[in-house]
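1. quick one, fold the following:
(2 chains)
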Amino acid sequence: MQAIVDQSGIKYYVVTLNVNGGSYTKIVRANTLLVNALREELDLTGTKKGCELGDCGACTVLLDGKPVNSCLVLAVEADGREITTIEGLDKEGKLDKLQESFIENTAIQCGYCTPGMILSGKALLESNPNPTEHEVRRAIAGNLCRCTGYVNIVKAIMAAADKQ
Amino acid sequence: MYLPDFEYYAPATLAEACELLAKLGPKAKVLAGGTDVLSKMKQEQLSLEALVSIKKLDELTEIKSNGKGVVIGARATHNSLIDAPALQEKYPSICNAAKQMANNQIRNTGTVGGNCVNAVPSADLPPLFIALGAEVKLVGTSGERVVPLEDFFTGPNETVIKPDEILTEFIFKDQPFTGSNYLKFSLRRSGALAVAGVATAVVMDGDVCKEARIVMGAVAPTPLRAKEAEEILKGQKVTDELLEEAGNRAAAECKPISDLRGSEEYRRDLVRVLTKRSLRKSISEGHV
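-> Below is the predicted model:
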């Protein structure tokens, strides 16, 4: 990871962010958070900012396949690692089964928690294709829905598991 | 939320990391998972000039049996504890304790070392690790030392670690315990700090308790052993009355404060109940 110092003495780092199958070289500061790099440098605004302290899960992305809060990861720490955001789930314009299931089960109200919910659900189904309701609830325990639409969110993830 | 400016280093070796920490002094800290350090910096609870990332020190993520016991690398995440075959086999109580922590995202990022070095009184792993007799390896510029985890904590957010030292691993020697367990009570099932937590480890011979360790969390400035309650159990045949007595004694030994999560009185009563329940589970379920 290369460091650059500009004329006013501010230090920047050249990072490679592997996002949704593409590889992007970006210039960030040491204190640039991954969520801000995704939203502001790559225009991937599907990843939301909520509490920004790791409680709400709105900023959930998959880092090397595992859900993490991108508000608590430095962009420089994500250098070279594989990142999946909500924009990376559809294939050739076709929504992922889990995304379709959220629509079919009315699991979206205001929609703010949805990207994080879907990514947590996606990671669960990748490692456990037939989860119990308890396992689904455990997997999304770090994603808060302030519309409190949890019943349909759980239903959507269970339904997507059944379809696989 | 604003993350203040700081200098960032990602050294390639442990020795380099220690030298950097020695050079930078107390205004620098180790960055492991970042779930604690970064959220504290955002909230201005921690003012730092530099972070020394240990992301390149992959040897610190290992969890392995070494014939005599188990060694857990300090950068292992909480979720990696749950999945580690070496722990599932010999220390299922550690897997179960990790399952009770935070939420999935934090468990994928937060590290075992961080859970101890930040020395939050309500941390979940230290009580169990102390009950199991864990030692920590601290590596600094002038060499390394091994300290019992029981002697590691000196107060809230304070430990014996020196500014140039890095906690690299947790060492569990082949332990005599036939069973161990950690139970916590928190206001929500997920993503909530313990109001109180109790870890227990026992050596059973039939229905006689030969040895017991009880370590309480979130009810004193540091994890605290209930030594008098342990004595009550030693050499005794286990009965409901004996467990009740041990619970009562532990409740008397803890030193809780009242805060927004619970009053002193409530915490004492939690300790009484959790001690009893955790002992019963350690005794009846045992280790593999």
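
2. can you name every helix or strand that the worst-scoring helix or strand of chain A on mean pLDDT contacts?
-> Least confident helix or strand, chain A: strand A:2-5 with a mean of 94, by mean pLDDT, DSSP states H and E. Applying 3 or more CB pairs under 8 Å, 6 or more residues apart in numbering or on different chains; DSSP states H and E, one finds that strand A:2-5 contacts strand A:11-19. C-beta coordinates here come from the backbone N, C-alpha and C atoms, glycine included.

3. give me the residues contacting the strand it packs on.
-> A:1-6, A:23-30, A:37-38, A:41-42, A:44, A:75-76, A:78-85, A:88, B:7-8 (CB atoms under 8 Å, 6 or more residues apart in numbering or on different chains).

4. so what are the sheet partners of it and their directions?
-> Next to strand A:11-19 in the sheet, as set by DSSP bridges, lie strand A:2-5 (antiparallel), strand A:22-28 (antiparallel), strand A:82-84 (parallel).

5. most packed of those?
-> strand A:82-84 (a mean of 20; mean count of other CB atoms under 10 Å in any protein chain shown).

6. figure out how far that strand is from the centre of its chain.
-> 9 Å (CA atoms, centre = their mean, to the nearest Å).

7. now that strand: mean pLDDT?
-> Averaged across strand A:82-84, the pLDDT comes to 98.

8. got the CA coordinates for whatever helix or strand comes next after it in CSV?
-> Downstream of strand A:82-84, the next assigned helix or strand under DSSP states H and E is helix A:97-104. Presented in CSV, the C-alpha positions along helix A:97-104 are these (Å, rounded to 0.1, in the frame of the first residue of the first chain):
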residue,chain,number,x,y,z
LYS,A,97,-33.4,-14.9,-4.9
LEU,A,98,-33.1,-13.4,-1.4
GLN,A,99,-33.9,-9.9,-2.8
GLU,A,100,-36.9,-11.3,-4.7
SER,A,101,-38.0,-13.0,-1.5
PHE,A,102,-37.9,-9.7,0.4
ILE,A,103,-40.2,-8.1,-2.2
GLU,A,104,-42.6,-11.1,-2.3
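
9. and helix A:97-104, what does it pack onto?
-> Under the contact definition 3+ CB pairs under 8 Å, 6+ apart, helix A:97-104 sits against helix A:114-127, helix A:150-163.

10. and these: which comes nearest chain B?
-> Of all these, it is helix A:114-127 that lies closest to chain B, at 6.6 Å by CB to the nearest CB.

11. so which bits of that closest one are buried?
-> By neighbour count on 16 or more other CB atoms under 10 Å in any protein chain shown, the buried set for helix A:114-127 is A:114-125.

12. for stretch A:146-158, same thing?
-> Those would be A:149-150, A:152-158, for stretch A:146-158 by 16+ other CB under 10 Å.

13. from these, which is closest to B:Met204?
-> In terms of CB to CB, no member of the buried residues of stretch A:146-158 lies closer to B:Met204 than A:Val154, at 40.4 Å.

14. which residues of chain A lie near chain B?
-> When proximity is defined as CB under 8 Å from any CB of the partner chain, chain A approaches chain B at A:1, A:11, A:13, A:29-31, A:33, A:52-55, A:57, A:60, A:63, A:66-69, A:71-74, A:76-77, A:120, A:138-139, A:141-142.

15. tell me where the stretch 51-200 of chain B has helices.
-> Along the stretch 51-200 of chain B, counting by DSSP state H, counting those that start in this stretch, helices occupy B:78-83, B:85-90, B:92-99, B:104-109, B:112-117, B:125-131.

16. tell me which of those approaches B:Glu150 most closely.
-> Of all these, it is helix B:125-131 that lies closest to B:Glu150, at 4.9 Å by CB to CB.
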